[in-house]
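Okay, predicted coordinates and the sequence, questions at the end:
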Amino acid sequence: MKETLSTVSRVPKSHHHGGDQKIVEKSNGGVVPYRYPSWFVIFASFNMLWFLMFYFNTDAFVSSKNKVQSIMNDYVYGFVSPQPKIMIPLENETAVPLFREPIRDDDLVDRFGTDDSTSVSLNDQPEAVRQEEVVVSQNQSKTENLPSQMELVGENVSRPKPEEHSIENEIEPIAVQNKNETVTIEPVKENGSETKTEDPARGNEIEPVGTKLVAGNGTGPITQEDPVTEDGIEPIVHDLNEPAPRNESESDFDPCTGKYIYMHDLPKKFNEDLLIECDTLNKWIPMCPYMVNGGLGPRLVNSQGVFPTNGGWFNTDQYMLEIIFHHRMQQYKCLTLNSSLSSAIYVPFYAGFEVIRHLWDTDVPTRDAATVELVKWLTSKPEWKVLGGRDHFLVPGRTTWDFRRLSEDDADWGNKLLVLPETEIMPALLVEASPWQVNDFGVPFPTYFHPSSDGEVYELQNRMRNQQRRFLFSFVGAPRPNNTKSIRNQLIEQCLGSKNCKQQDCKNKENGEKPCEDPSTVMKVFQRSVFCLEPQGDSATRRSTFDAILAGCIPVFFYPGTAYTQYTWYLPENYTQYSVFISEDEVRDGKVNIESVLQQFSQEQIRAMQEEVIKLIPKVIYADPRSKLETIEDAFDIAVKGVLERVDKVRNDIRAGRNPDEPPHSASNTWKYRLFGTEEKHEWDHFFEAPK
């Protein structure tokens with residue numbers, strides 16, 4: 001039987017030693033190994049296409065994609081913000097180009113990037129906040145998302161639905177007598193577009209027009225791949241096609257009710273640009289090195305065995321609060337972009353950096369220019385009209401006296417930020433508040449310790465409990481020979497005359513050495529002392545107070561305005577539990593021996609006071625903004641709570657028909673009313689007779 005040829009093919013010579021060789025497919029079933037029938041190829045491709053289409057539309061694929069995205073987010077390290085980033089230079093790099101780079105800290109990537117507890121992602125935020133995390137176009141008026149009427153309900157400003165608007169239900173503006181003039185608090189009007197809301201208390205169904213989802217709050221922290229422009233970092237944005245699905249199990253409970261805060265997106269000249277010009281902020285102290293790590297400063301090396309080895313310690317300048325607070329607010333769990341939901345409004349103006357440039361040799365108009373421009377900007381916004389600015393708050397990073405110039409004389413100190421009619425009704429958080437101003441609130445100076453976890457706080461507390469203390473008392477500071485009211489010279493004299501006292505002289509040496517600018521030197525003295533002397537500084541307060549508390553050292557105060565009347569949100573009312581008070585009048589007159597007073601305390605009393613001091617540590621620190629504490633409330637958390645309570649009181653006063661600008665006590669007794677809840681005569685009255 002003859003064989004018929006059906007197919008002929010060639011194979012490479014390398015496969016057959018005998019040259020080209022023909023391989024045939026026989027009609028009786030022989031097969032060519034390199035070719036398949038065309039119908040089989042088409043059939044297989046068709047089935048594969050159907051399989052891929054089915055898989056990519058299943059929950060399994062979506063779930064796996066989300067899991068991959070979540071894993072990627074966990075390994076990203078940076079600040080999260082619902083608004084454009086504030087550029088801060090990083091360690092070991094020059095200042096100018098660093099403002100063009102995303103915030104990062106290479107030596108912390110492993111420690112932070114792989115730990116869910118320190119990465120703030122979209123899933124960590126309350127649902128209502130996640131839904132609000134959108135960036136409104138700068139060319140679009142924010143009034144499009146503001147409802148037309150205001151009604152004070154609970155802690156928030158709630159708005160009626162559009163269909164409820166009618167002449168009969170129209171709410172009249174609230175008139176509040178503001179000193180010599182009447183201030184009318186107008187309801188916020190809608191401007192053009194409708195706002196779609198099914199639940200005004202949560203706002204989950206709000207669909208702002210023309211908005212984008214920020215990568216920082218939508219898909220994870222900002223990465224190094226974010227585009228950089230000449231003006232700074234532009235956040236990666238994604239189209240917000242539809243609202244996030246609501247969790248029905250949480251529909252009846254919103255953990256952020258009464259806690260929402262709206263943050264104004266100020267022009268960069270009020271904050272970010274000041275950091276770019278850090279070399280112009282202070283004539284005598286280079287400020288740019290302190291801008292690294294988001295304002296925390298350079299990381300400290302444990303050169304003298306003073307600091308724990310697991311981190312959390314930075315060389316932080318005492319006037320960095322406004323940067324640190326701003327970054328913490330960007331991580332605040334109840335931050336919202338819907339101002340109608342907010343209980344308070346944060347104004348991230350770097351007032352301290354603005355004023356420090358002009359304090360010494362500029363005229364009054366120059367010192368006041370930025371303040372006047374800021375007030376003009378704020379009062380033009382619809383959010384201002386809700387409560388006439390009474391729900392706005394500032395965090396100037398210096399003492400109140402830098403912002404309370406009362407005259408137009410160029411020789412007078414400071415600017416008039418806190419004495420303008422528009423701003424004096426706003427709560428202000430300051431490292432030193434005025435004892436006579438109802439809207440000044442004292443908050444702790446930034447210290448060297450900025451923990452990234454609860455464990456770092458507990459470790460420090462346990463370490464201070466077991467610390468061996470060699471000296472009964474100590475004083476860290478320089479003399480004030482030209483200040484006749486200062487008692488520093490007397491304290492130094494008594495300390496040097498005692499074997500039980502350690503005196504660390506902070507006076508600059510002839511060779512230019514500044515011994516107390518080394519945090520290790522200062523903290524080592526405090527850690528080895530039972531009591532730490534804390535007289536007034538250049539003003540009433542001292543950053544040293546909080547450094548001593550970190551070291552578990554019992555503070556000894558000589559003026560009640562140094563701590564007791566300042567930090568009422570943070571310190572126990574019964575000051576004898578954690579401190580010793582010796583009147584500076586008695587020290588000045590030579591009527592008291594400090595060592596003799598301190599030796600009267602028993603060991604049991606000292607241990608009890610030390611424990612109270614150590615318990616204060618979490619309250620007086622600001623945690624690293626790049627991470628979060630799980631169970632501990634730090635100074636930022638307490639400050640936010642205090643602001644919310646203050647604004648809530650304003651609303652309650654308005655409901656009750658009271659003028660919120662007139663406190664139930666005289667202004668001169670503000671310090672006394674906050675500390676003791678009374679205006680009755682007190683032995684400290686002579687300390688607060690006149691402004692100092």
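Sure thing, it's come through.

Tell me where this structure is predicted with low confidence.
The chain contains residues with pLDDT under 70 at 1-41, 53-252, 303, 309-310, 510-512, 690-692.

Domain map for it?
The chain breaks down into these domains under the TED database: 261-442, 466-617.

Endpoint to endpoint, the first one covers what distance?
To tie it back to what came earlier, the one meant is domain 261-442. The first residue of domain 261-442 is 20 Å away from its last residue (Cα to Cα, to the nearest Å).

Equivalent analysis for the last one, please.
The distance separating the two terminal residues of domain 466-617, taken as Cα to Cα, comes to 15 Å.

Longest helix in the protein, by number of residues?
Criterion DSSP state H: the longest helix present in the chain is helix 635-655.

For that one, which helices and strands make contact with it?
In terms of contacts (3 or more Cβ pairs under 8 Å, 6 or more residues apart in numbering; DSSP states H and E), helix 635-655 is packed against strand 151-153, helix 321-330, strand 344-347, helix 382-387, strand 440-442. Heads up, the C-betas are built off the backbone N, CA and C, glycines and all.

Could you export those as JSON lines, including distance to Thr399 and mean neighbour count?
Shown next, in JSON lines, are the helices and strands packed on helix 635-655 (distance: least, Cβ to Cβ, whole Å; neighbours: other Cβ atoms under 10 Å):
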{"stretch": "strand 151-153", "distance to Thr399": "34", "mean neighbour count": "15"}
{"stretch": "helix 321-330", "distance to Thr399": "11", "mean neighbour count": "24"}
{"stretch": "strand 344-347", "distance to Thr399": "19", "mean neighbour count": "23"}
{"stretch": "helix 382-387", "distance to Thr399": "27", "mean neighbour count": "22"}
{"stretch": "strand 440-442", "distance to Thr399": "10", "mean neighbour count": "24"}
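
Take the ones you listed and write them to JSON lines, including distance to Leu266.
Below are those laid out as JSON lines (distance: least, Cβ to Cβ, whole Å):
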{"stretch": "strand 151-153", "distance to Leu266": "26"}
{"stretch": "helix 321-330", "distance to Leu266": "10"}
{"stretch": "strand 344-347", "distance to Leu266": "7"}
{"stretch": "helix 382-387", "distance to Leu266": "12"}
{"stretch": "strand 440-442", "distance to Leu266": "21"}
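
looking at the ones you listed, which is closest to Glu662?
Minimum separation from Glu662 across the helices and strands packed on helix 635-655 (Cβ to Cβ) falls at helix 382-387, 15.5 Å.

what's the helix or strand following that closest one packed up against?
Remark: after helix 382-387, the chain's next helix or strand is strand 392-394, criterion DSSP states H and E. Packing partners of strand 392-394 (3+ Cβ pairs under 8 Å, 6+ apart): strand 344-347, strand 428-430.

In JSON lines: these, plus distance to Arg367.
JSON lines is the format used below for the helices and strands packed on strand 392-394 (distance: least, Cβ to Cβ, whole Å):
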{"stretch": "strand 344-347", "distance to Arg367": "19"}
{"stretch": "strand 428-430", "distance to Arg367": "17"}
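
of these, which approaches Tyr622 most closely?
Smallest distance to Tyr622 across the helices and strands packed on strand 392-394 (Cβ to Cβ): 12.0 Å, for strand 428-430.

Which elements pack onto that closest one?
Applying 3+ Cβ pairs under 8 Å, 6+ apart, we find strand 428-430 packed against strand 392-394, strand 440-442.

What lies in contact with that strand?
Strand 428-430 is contacted by residues 321, 325, 393-396, 398-400, 403, 418, 439-443, 639, 643 when judged by Cβ atoms under 8 Å, 6 or more residues apart in numbering.

Serialize the domains of the chain to JSON lines and add fields for distance to Tyr673.
Listed next are the domains of the chain as JSON lines, based on distance: least, Cβ to Cβ, whole Å:
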{"stretch": "domain 261-442", "distance to Tyr673": "9"}
{"stretch": "domain 466-617", "distance to Tyr673": "10"}
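
Pick the most deeply packed of those.
domain 261-442 (a mean of 20; mean count of other Cβ atoms under 10 Å).

who's in contact with Gln461?
Contacts here follow Cβ under 8 Å, 6+ apart; on that basis Gln461 touches 614-615, 617.

So which of those residues sit within helices?
Short answer: these in helices (DSSP H) are 614-615.

hey, where'd the strands end up in the stretch 401-550 of the chain?
Using DSSP state E, counting those that start in this stretch, the strands of the stretch 401-550 of the chain run over residues 428-430, 440-442, 471-477, 501-505, 529-534.

Pipe these into TSV and attach distance to Ser579 per row.
Shown next, in TSV, are these (distance: least, Cβ to Cβ, whole Å):
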stretch	distance to Ser579
strand 428-430	21
strand 440-442	16
strand 471-477	13
strand 501-505	18
strand 529-534	9
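
if we can go back for a sec, alpha carbons of the helix or strand that the longest helix of the chain is followed by, as CSV, please.
Where DSSP H and E defines the elements, the next helix or strand beyond helix 635-655 is helix 670-676. In CSV, the C-alpha atoms belonging to helix 670-676 read as follows (Å, rounded to 0.1, in the frame of the first residue of the first chain):
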residue,chain,number,x,y,z
THR,A,670,-9.1,84.3,84.6
TRP,A,671,-6.1,82.5,86.1
LYS,A,672,-7.9,82.0,89.4
TYR,A,673,-11.2,80.9,87.9
ARG,A,674,-9.6,78.2,85.7
LEU,A,675,-7.5,76.8,88.5
PHE,A,676,-9.8,77.1,91.5
